[in-house]
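Visitor: Next input, structure requested:
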Amino acid sequence: MFAPVAVMSPAAAAQTSTVLVGGGIPGTAVVSNSFSPRTIEVAVGDTVQWQFQQPWILHTVTFVGSEKAPELLVPEGDKLYFNPQVFFPAGDKTYDGTGYRNSGAPPEAEKLTSKFSYSLTFTKAGTYEYVCMVHPGMTGTVMVKDKATGSPASRLAQGRREMAAILKAGQAAFAKWKPERKGNEVILAMVGDPKEGWSNFRYSSQPLVIKRGTTVTWAQRDPFELHTITFTAGAKVPDFVVVEAQKQGPPKLLLNPKAGTPSQTKTYDGMGWVNSGILFPPGAPGNPPSNFSLTFTKAGRYEYFCIIHAPWGMKGTVVVQ
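Guide: As a prediction, the model looks like this:
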């Protein structure tokens, strides 16, 4: 008689699960500023792949660990540059909860037609939070366990459900969105919802019709985004980022001074360049401007743009009677 032999089950094979990053409805009037699913559970040794979703893919996947998060912008003389620690990849392809890991932002995101993704393999159990460095409040969590529940297919299905719910909520809010009228002033609010995870990339659902002498105030109330109010009088909308090639290393990314510099004029008659400069969410550090007002003095139809998001169709029209 042979003694019974214990048969050991092989360790579960490592798996790759997907998180959806960003996305939006056709035309990009409403976008997701969220990771879907926001929380994902995987096993030690598993890989998470973040798939950046068209049409809105300008995000990063960034694990800071115990380190201090880098600044989005860094000064150099009288210029501001986008921090290469934010906009270019950093760190290796594994993560144990320590060190800085960053996907970088998709190159030329407004023109990118191919898929962009970023992957990390998790080597230690723990709960790890990560962020988008471009959009404050856009956060996600990876829960790494010795044995995880669910499957890559179920996690992807959950992500798709979450993204659909985000965009549905944003579209419902967009359908109800109207200008606020107070006497001879009209307020156009730029909105987003950090809890539901969406932002609105339009100034109004229809051209704004006003009487001559009306003051329009654009109010930045989206906690995720930066915007500009820019009237070009028919000229081309300037690039928000100016790429400066270097002999060695990655290019430098200059914040176009023309985009960031506000005009001093308070009235508009359809002539010349008028720009708000960058409008920040209320309560941003340093108390930068979040509103911009302009009084219209001449009848006409005037188009304006957000320099930052013009490639994604963010523009508006004021009709002055």
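Visitor: Domains of the chain: list them as residue ranges, please.
Guide: 16-172, 177-320 (automatic domain parsing).
Visitor: Would you reformat those as JSON lines and include mean neighbour count and mean pLDDT?
Guide: No exception for glycine: its C-beta is placed from N, CA and C like everyone else's. Shown next, in JSON lines, are those (neighbours: other Cβ atoms under 10 Å; pLDDT from 0 to 100):
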{"stretch": "domain 16-172", "mean neighbour count": "18", "mean pLDDT": "94"}
{"stretch": "domain 177-320", "mean neighbour count": "17", "mean pLDDT": "94"}
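Visitor: ok, residues contacting the strand ranked longest in the chain?
Guide: Using DSSP state E to define each element, the chain has its longest strand at strand 185-193. The set of residues external to strand 185-193 that reach it, using Cβ atoms under 8 Å, 6 or more residues apart in numbering, is 33, 169-170, 173, 177, 179-181, 198-200, 203-204, 208, 210, 214-225, 227, 279, 293, 316.
Visitor: try stretch 151-164
Guide: By Cβ under 8 Å, 6+ apart, stretch 151-164 touches 15-20, 23, 32, 34, 36-38, 40-41, 53.
Visitor: can you do 10 Å?
Guide: Stretch 151-164 is contacted by residues 15-24, 32, 34-42, 46-49, 51, 53, 148-150, 197-198 when judged by Cβ atoms under 10 Å, 6 or more residues apart in numbering.
Visitor: And that stretch, how far out from the chain middle?
Guide: 21 Å (Cα atoms, centre = their mean, to the nearest Å).
Visitor: I'd like to know how far the residue nearest to residue 181 when sequence neighbours are not counted sits from residue 203.
Guide: If the residues on either side of it in the chain are set aside, residue 181 comes closest to residue 187, at 7.7 Å by Cβ to Cβ, 6 or more residues apart in numbering. Distance, residue 187 to residue 203, using Cβ to Cβ, to the nearest Å: 11 Å.
Visitor: How about residue 273?
Guide: Residue 273 is 18 Å from residue 203, where distance means Cβ to Cβ.
Visitor: Ok, residue 69 next?
Guide: Taken as Cβ to Cβ, the span from residue 69 to residue 203 is 31 Å.
Visitor: Identify the residues contacting residue 141.
Guide: Per Cβ under 10 Å, 6+ apart, neighbours of residue 141: 35, 37, 38, 39, 40, 41, 127, 128, 129, 130.
Visitor: Remind me which helix or strand the fifth one belongs to.
Guide: Assignment of secondary structure by DSSP states H and E places residue 40 within strand 39-43.
Visitor: In its sheet, which strands sit next to that strand, and in what direction?
Guide: Note on strand 39-43: by DSSP bridges, its sheet partners are strand 139-145 (parallel).
Visitor: Run the chain-centre distance for the helix or strand following the partner strand.
Guide: Sequence order places helix 152-176 as the next helix or strand after strand 139-145, per DSSP H and E. Its chain's C-alpha centre and that of helix 152-176 lie 16 Å apart, by Cα atoms, centre = their mean.
Visitor: immediately after the longest strand of the chain, which helix or strand?
Guide: Following strand 185-193 in sequence, per DSSP H and E, is strand 198-200.
Visitor: Not counting its neighbours along the chain, what's nearest residue 98?
Guide: residue 65 (5.1 Å).
Visitor: got any residues that touch both of residue 187 and residue 203?
Guide: 179, 216, 218.
Visitor: Could I get the contacting residues of the last one?
Guide: So the one you mean is residue 218. Residues in contact with residue 218, defined by Cβ under 10 Å, 6+ apart, are 186-190, 203, 227-229, 276, 279, 290-294, 304, 306, 316.
Visitor: how close does it get to residue 190?
Guide: Taking Cβ to Cβ, one finds residue 218 at 7 Å from residue 190.
Visitor: Tell me which stretches of the chain form helices.
Guide: Using DSSP state H, the helices of the chain run over 84-87, 152-176, 257-260.
Visitor: Make CSV out of those helices and add distance to residue 284.
Guide: Formatted as CSV, the helices of the chain follow (distance: least, Cβ to Cβ, whole Å):
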stretch, distance to residue 284
helix 84-87, 17
helix 152-176, 22
helix 257-260, 14
